[in-house]
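1. Could you look at this predicted model? Sequence included:
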Amino acid sequence: MYQDVLVPTDGSDGTRRSITHGLTIAERFDARVHALSVVPEGPLGTLESEEATPAAHRAVEHVESEAAEAGLEVVTAVEHGVPHEEILAYVDDHDVDMVVMGTQGRTGIDRVLVGSVTERVVRMADVPIVTVRLTDELRIDDSEAAERLAREALTEASLDPERSIVDGGPHRISGSWLFSFETETDPVRVTVDGVSGDARIEGDVGG
């Protein structure tokens, strides 16, 4: 019934549940997951920092990682423009069957804007839209606690827990903390779930 499920994400805590719901739906219908992040341009983008584009890439990479963990096919994209217009254009261009998105973004003005984006997509889209509110309470809400759990995971995997953090981390993406620890080859990435506190190691665990 559904072959392509789009999960827009800005990497804010409120997208955690929409990602979970989107992946669950994709699993149910053996669908392809599309992760899209839009860097605002124009009047709504004037307050965006230089970090916006790298953050958008991290946001879709997080969905890609979660989808891969679930054994799902995933496509990622980062676009620049007016968020609801880019989401609707992506739906048309990629024959998306369903969109799963959150109703809350970051705090302050972004929180208002994300809700506004969702409302516009719901009103203008020609495909089913599933909206998900943030109800999870983050238990790991500071970087020091998250880093401690990440280094414990390294120890449990018989890896050096004193490795240096690279890539300017940690980064908080969709209710999770992402750490990249240096190795002699590619960095080891550790994801710490901000709700459960579970840590998952990815990447090359040698070196």
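-> Cool, got the structure. Not measured: the values here are computed from a predicted model.
2. pLDDT below threshold where in the chain?
-> Low-confidence segments of the chain (pLDDT under 70): 42-49, 104-115, 134-136, 203-207.
3. quick one: the strands in it?
-> 4-8, 32-40, 74-81, 98-102, 129-132, 165-173, 176-181, 188-193, 199-202 (DSSP state E).
4. mind listing what the last one pairs with, with the direction of each?
-> The strands that strand 199-202 pairs with in its sheet are strand 188-193 (antiparallel) (by DSSP bridges).
5. Identify all contacting residues around the partner strand.
-> Contact partners of strand 188-193, identified using C-beta atoms under 8 Å, 6 or more residues apart in numbering, comprise 62, 65, 140, 146, 149-150, 153-154, 159, 163, 175-181, 198-205. Backbone N, C-alpha and C define where each C-beta goes, glycine included.
6. Switch the strands of the chain over to TSV; also include mean neighbour count and distance to residue 20.
-> Listed next are the strands of the chain as TSV, based on neighbours: other C-beta atoms under 10 Å; distance: least, C-beta to C-beta, whole Å:
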stretch	mean neighbour count	distance to residue 20
strand 4-8	27	10
strand 32-40	24	12
strand 74-81	17	14
strand 98-102	25	9
strand 129-132	18	8
strand 165-173	18	14
strand 176-181	24	11
strand 188-193	23	11
strand 199-202	18	15
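7. In JSON lines: those strands, plus distance to residue 118.
-> Formatted as JSON lines, the strands of the chain follow (distance: least, C-beta to C-beta, whole Å):
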{"stretch": "strand 4-8", "distance to residue 118": "9"}
{"stretch": "strand 32-40", "distance to residue 118": "12"}
{"stretch": "strand 74-81", "distance to residue 118": "17"}
{"stretch": "strand 98-102", "distance to residue 118": "5"}
{"stretch": "strand 129-132", "distance to residue 118": "6"}
{"stretch": "strand 165-173", "distance to residue 118": "19"}
{"stretch": "strand 176-181", "distance to residue 118": "21"}
{"stretch": "strand 188-193", "distance to residue 118": "24"}
{"stretch": "strand 199-202", "distance to residue 118": "29"}
